[in-house]
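Colleague: Sharing a sequence plus its predicted fold:
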Amino acid sequence: MRIRQLTWLIPLVLACTASHSMAEPTMIKDIEFASVNGQSLKLDLHLPETPKGSRLVVWIHGGGWRGGSKSRCYLSWLSRYGYTVASISYRLSNVAKFPAQLHDCKGAIRWLRAHAADHGYLVDRIAVSGASAGGHLATLLGTTGGNKMLEGTTGGHLEQSSRVQAVVDFYGPTDFVLRSKTQPSRANKVGSVVYNLLGGGADKKVKLAKQASAAYHVTPDDPPLLIFHGAMDQTVLLDQSQAIERAYRKANRPVKLHVLAGSKHGGTEFYTGQNGKRVFSFLQLHLNQVAVKNTVSWKYSDPKPRQYTLSERASKIDPRAKEHPEIDFVFTSGGKVQDLQQAIVDTRVAPRGKLVIWLMRHNPGLFQRLSSYGLHAIQVHYANRWFGKICRETPVGNMCRGDARLEAATGEDHSPNLSIPRPDGMMERSRQFVMWLAKHNPQGQWNRFLTPDGSDLQWENVIVAGISHGSTTAARFAVHKKVSRVVMFSGPRDQFQTWQALPSATPTNRFFGFTHVLDTGWSGDHYCRSWELLGLHKHGAIVDVDKAASPFGHSRRLVSTFDVGGNTRRAHVAVVPGGSARKDPAGKYLHESAWKYLFTHPVGKTGKAVPQDKNCNKQQRQK
């Protein structure tokens, strides 16, 4: 079967439905994304006429894990309809055993995300597809997102995620344990394709066989799945597609299996005609949904739906938690408890599947609103009072405060000026709190924010937010770790620091800022500097929320100009619910639309890029 034939067949059946022009695509061949033990791993990019803003489809070739080539890309035709298509290679079974093949595929995804700006496609709109052995790897990519045991290090870029947002599987095996019973000649026999992949028969290497089977990895956060399988396939039996279909349905995830009557293992009918349209429609639906979807597929099963507010001390949740009085990070101060952590969820509201971690003193008014938006929210106790203790020298090092913030957030060694062990970092205290909440408030389904093994939070579903120094730490953390969104009230500051210009793990369109113009951080150009170094000007002009209506031109930079009586201290806290916020004569808050926008506006909808402000002083000088 020649690819040239497919590129003619598919456009004919889609011409009347596709919204993109059939311009001739551009192909960039043999881009190296990794080198492993001297073997170069490469990919081909099929670029549409307008790559900027395109969705990315990653193709994984078949060949029984022992052959095949990235040159046989059966979905390259999508580049004629506005998609960027990457066809990747991986180490074959005669070179390395599983999980090397999956590690290579994950490495390719991370590389593609890291180099998205070079080619224009969107990093949060990635689908993966493959046929036969490639379908096997595609379904594994879809079901093992966030699984550190299977991530590997191929090609580096470990700050990037290997998660994908949709999967199209063409007749790939998904359950080697089942295959060892229904097709032993291909799974157990010495020299068979599965035997060569695993380094032994699936009937003997049961643990590894399960690890290599997507059907055993399905969780409620997995991406939508479209499957095609031939009813007469004797190479990979239909029961393999049925196995993952059952697992998806059990997890209540979107899945559709199309069985082609009379078809065997492969053929143009899988990628052309009606099935080509099905692939196209599936990608249009789910890759367009990524940025605009407001709720998740799961629902609460609370017999008495209501709002839950919960609290517990960090020192009681985790006995490993310690005080650090040298930086004023303590459990009690002046007879008052300092490590009480707060949480809220409302099971009467459809969940959005996002967890807000608030990095500042608890704000009940804000938490009430977050729960009304369908968000889960927690406020955790972390090291946030070190500012008067360290990095006080003049001039201060350009990463001193940024490194301190990162250590306080991660519990990892980033700063020589303080020592925060992992149990006392924001990340671990958040995980411990969510585990506690999952146990004490199962109605809130907090467990959905934990990885399947409970070893970490699912950070791509986390919104980090704060005000003042809390917003600065939230932004510093998001530059280091990819999150769903960053909401920065009255910040970020760190006007003498340079971390804001570092390559960001979190895409720039996910950062949202809001301040009052009389805040000294604004009048001193601290915030505008941070916003521009972070790249927020790429997503729209600065918008005055007191003069414009939501969605504020889809901007990421919001300001308020309402009268605060010249009080700069009031201005600093005037952009969050509280006594200083803007209200009408009846006491009703007037920034409700701005608050909801900041936490729920689709990250894929952005304003038009504008130049940096020449009047914003980005070269702050220390005195």
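Modeller: Arrived safely, thanks for sending.
Colleague: Tell me where the stretch 201-350 of the chain has strands.
Modeller: 225-230, 255-260, 307-313, 332-333, 336-337, 340-346 (DSSP state E, counting those that start in this stretch).
Colleague: got it, and the stretch 451-600 of the chain?
Modeller: Going by DSSP E, counting those that start in this stretch, the stretch 451-600 of the chain shows strands at 462-467, 485-489, 511-516, 543-544, 557-560.
Colleague: before we move on, the earlier item: so can I have CSV of the strands of the stretch 201-350 of the chain showing mean neighbour count, distance to Q160 and mean pLDDT?
Modeller: Backbone N, C-alpha and C define where each C-beta goes, glycine included. Below are those laid out as CSV (neighbours: other CB atoms under 10 Å; distance: least, CB to CB, whole Å; pLDDT from 0 to 100):
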stretch, mean neighbour count, distance to Q160, mean pLDDT
strand 225-230, 25, 23, 97
strand 255-260, 16, 27, 95
strand 307-313, 16, 34, 97
strand 332-333, 12, 40, 91
strand 336-337, 9, 39, 92
strand 340-346, 23, 30, 97
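Colleague: can you tell which of the ones you listed is closest to H119?
Modeller: strand 225-230 (24.9 Å; CB to CB).
Colleague: ok, now which ones touch G155?
Modeller: G155 makes contact with F33, A34, L41, D104, G107, A108, R110, W111 under the criterion CB atoms under 8 Å, 6 or more residues apart in numbering.
Colleague: Name the SS class of the fifth one, please.
Modeller: Meaning G107. helix (DSSP: H, G, I helix; E, B strand; the rest coil).
Colleague: What of the fourth one?
Modeller: Three-state secondary structure (criterion: three-state DSSP) places D104 in helix.
Colleague: and it, what is it in contact with?
Modeller: D104 makes contacts with A34, V36, L41, I88, S89, Y90, R91, G152, T154, G155, as judged by CB under 8 Å, 6+ apart.
Colleague: same check, this time on the third one
Modeller: In this structure, L41 makes contact with 32-35, 88-91, 104, 107-108, 154-155, judged by CB under 8 Å, 6+ apart.
Colleague: likewise the second one?
Modeller: Contacts here follow CB under 8 Å, 6+ apart; on that basis A34 touches S40, L41, D104, G107, A108, W111, T154, G155, G156.
Colleague: longest single strand anywhere in the protein?
Modeller: Ranked by number of residues, the top strand in the chain under DSSP state E is strand 26-36.
Colleague: What pairs with whatever helix or strand comes next after that strand, parallel or antiparallel?
Modeller: Note on strand 26-36: by DSSP states H and E, the next helix or strand toward the C-terminus is strand 39-47. Using DSSP bridges, strand 39-47 pairs in its sheet with strand 26-36 (antiparallel), strand 84-88 (antiparallel).
Colleague: I'd like these laid out as a markdown table, including distance to C391 and mean pLDDT.
Modeller: Compiled in a markdown table, the strands paired with strand 39-47 are given as follows (distance: least, CB to CB, whole Å; pLDDT from 0 to 100):
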| stretch | distance to C391 | mean pLDDT |
| --- | --- | --- |
| strand 26-36 | 38 | 94 |
| strand 84-88 | 43 | 97 |
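Colleague: tell me the most buried of those strands?
Modeller: strand 84-88 (a mean of 28; mean count of other CB atoms under 10 Å).
Colleague: now it, how far from the chain's geometric center?
Modeller: With CA atoms, centre = their mean, to the nearest Å as the basis, strand 84-88 stands 20 Å off its chain's centre.
Colleague: now swap in stretch 154-163 and tell me
Modeller: Worked out by CA atoms, centre = their mean, stretch 154-163 lies 12 Å from the chain centre.
Colleague: start the count at 10, not 1, going forward
Modeller: Done: numbering now begins at 10, and the last item shifts to stretch 163-172.
Colleague: Domain-wise, how is this structure divided?
Modeller: Domain segmentation of the chain under automatic domain parsing yields 12-184+222-298, 190-221, 316-527.
Colleague: right, and those domains - which one's nearest K605?
Modeller: K605 sits nearest to domain 316-527 of all the domains of the chain, at 6.1 Å, using CB to CB.
Colleague: thinking again about what came up before, would you turn the contacts of G164 into a markdown table with distance to G76?
Modeller: Compiled in a markdown table, the contacts of G164 are given as follows (distance: CB to CB, whole Å):
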| residue | distance to G76 |
| --- | --- |
| F42 | 20 |
| A43 | 20 |
| L50 | 16 |
| D113 | 15 |
| G116 | 21 |
| A117 | 19 |
| R119 | 25 |
| W120 | 23 |
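Colleague: For the residues you listed, work out which two are farthest apart.
Modeller: Farthest pair in the contacts of G164, by CB to CB: L50 and R119, 12.2 Å.
Colleague: Least confident secondary structure element in the chain?
Modeller: helix 12-23 (a mean of 40; mean pLDDT, DSSP states H and E).
Colleague: quick revisit: can you add mean neighbour count, distance to V132 and mean pLDDT and give the strands of the stretch 460-609 of the chain back as JSON lines?
Modeller: Listed next are these as JSON lines, based on neighbours: other CB under 10 Å; distance: least, CB to CB, whole Å; pLDDT from 0 to 100:
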{"stretch": "strand 471-476", "mean neighbour count": "27", "distance to V132": "17", "mean pLDDT": "98"}
{"stretch": "strand 494-498", "mean neighbour count": "26", "distance to V132": "14", "mean pLDDT": "98"}
{"stretch": "strand 520-525", "mean neighbour count": "26", "distance to V132": "14", "mean pLDDT": "98"}
{"stretch": "strand 552-553", "mean neighbour count": "18", "distance to V132": "25", "mean pLDDT": "97"}
{"stretch": "strand 566-569", "mean neighbour count": "24", "distance to V132": "21", "mean pLDDT": "98"}
